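J.: please find the sequence and the predicted model below.
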Amino acid sequence: MTDWLTITGVPPWDGRYEFDIADRELTTREWGWLKRLAGYMPLTIQDGFDGADPELFAVFAVIALHRNGKIQAADVADTYDRFADAPFGMTILLESDDAEEEEPAPLGNSPASAPTSGDDSPTSSETLDGSQSPSGTPASAISEWPLARSGN
């Protein structure tokens with residue numbers, strides 16, 4: 001799985017950068033940046049995802065730039081300040097190659113005599129058991145690291 005972070009509107013760093021925090025865990029130095037610049041620690045970072053915290057995404061952008069050789073460790077605070085001063089709107093976007101699921105085959109392609117099992121699924125107009133968030137926010141997704149568009 002490859003994750004990406006896309007920066008828009010903050011030159012000279014506009015672009016798409018590899019950012020695999022699931023496969024390549026954050027280092028102690030990177031956790032230090034998260035703590036000092038955005039106030040998050042390993043047990044509190046999910047709160048930042050759930051709230052789409054702009055400071056969290058700004059630190060992620062800085063980490064992605066550092067990991068991709070665009071800035072040095074000494075440049076982190078100044079680079080973060082550039083993101084903090086930029087409009088949050090569409091500046092930072094997290095995405096994953098895993099996010100696109102295969103589309104199911106159309107119903108007409110299955111043989112009529114194919115056996116079925118299990119209970120009937122609810123139709124789209126029926127509600128499920130209430131375990132899904134009706135808000136449509138990134139937190140309602142299945143992934144541990146929800147994809148989020150900054151500012152939404």
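T.: Cool, got the structure. Residues are numbered from 1 along each chain as shown.
J.: neighbours around Leu26, how many?
T.: By the criterion of other CB atoms under 10 Å, Leu26 has 16 neighbours. Where you see a C-beta, it was placed from the backbone N, CA and C, and this is true even at glycine.
J.: pull the residues that contact stretch 62-79.
T.: Here stretch 62-79 makes contact (CB atoms under 8 Å, 6 or more residues apart in numbering) with 5, 7, 13, 17-19, 24, 26, 29-30, 33-34, 37, 80, 83.
J.: hmm, 6 Å instead?
T.: Leu5, Trp13, Tyr17, Phe19, Glu30, Trp33, Tyr80 (CB atoms under 6 Å, 6 or more residues apart in numbering).
J.: farthest-separated two in these?
T.: Trp13 and Glu30 (17.2 Å; CB to CB).
J.: can you map out the strands along the chain?
T.: Applying DSSP state E to the chain gives strands spanning 3-7, 15-18, 92-96.
J.: show me what counts as buried in the second one.
T.: Of the residues in strand 15-18, those buried by neighbour count under the rule 16 or more other CB atoms under 10 Å are Gly15, Tyr17.
J.: can you check stretch 52-72 too?
T.: 52-67, 70-71.
J.: and the longest helix along the chain, what's its mean pLDDT?
T.: Longest helix in the chain by number of residues, with DSSP state H as the criterion: helix 54-67. On average, the pLDDT along helix 54-67 is 96.
J.: again with stretch 74-90
T.: The predicted model assigns stretch 74-90 a mean pLDDT of 92.
J.: hang on, the earlier thing: and the contacts of stretch 62-79, which is closest to Gly48?
T.: Closest approach between those and Gly48, by CB to CB: Trp33, at 13.3 Å.
J.: so where's the chain uncertain?
T.: 1-2, 90, 98-152 (pLDDT under 70).
J.: from Val76, how far off is Val36?
T.: Val isn't right for residue 36; it's Arg. In this view, Arg36 and Val76 are 9 Å apart by CB to CB, to the nearest Å.
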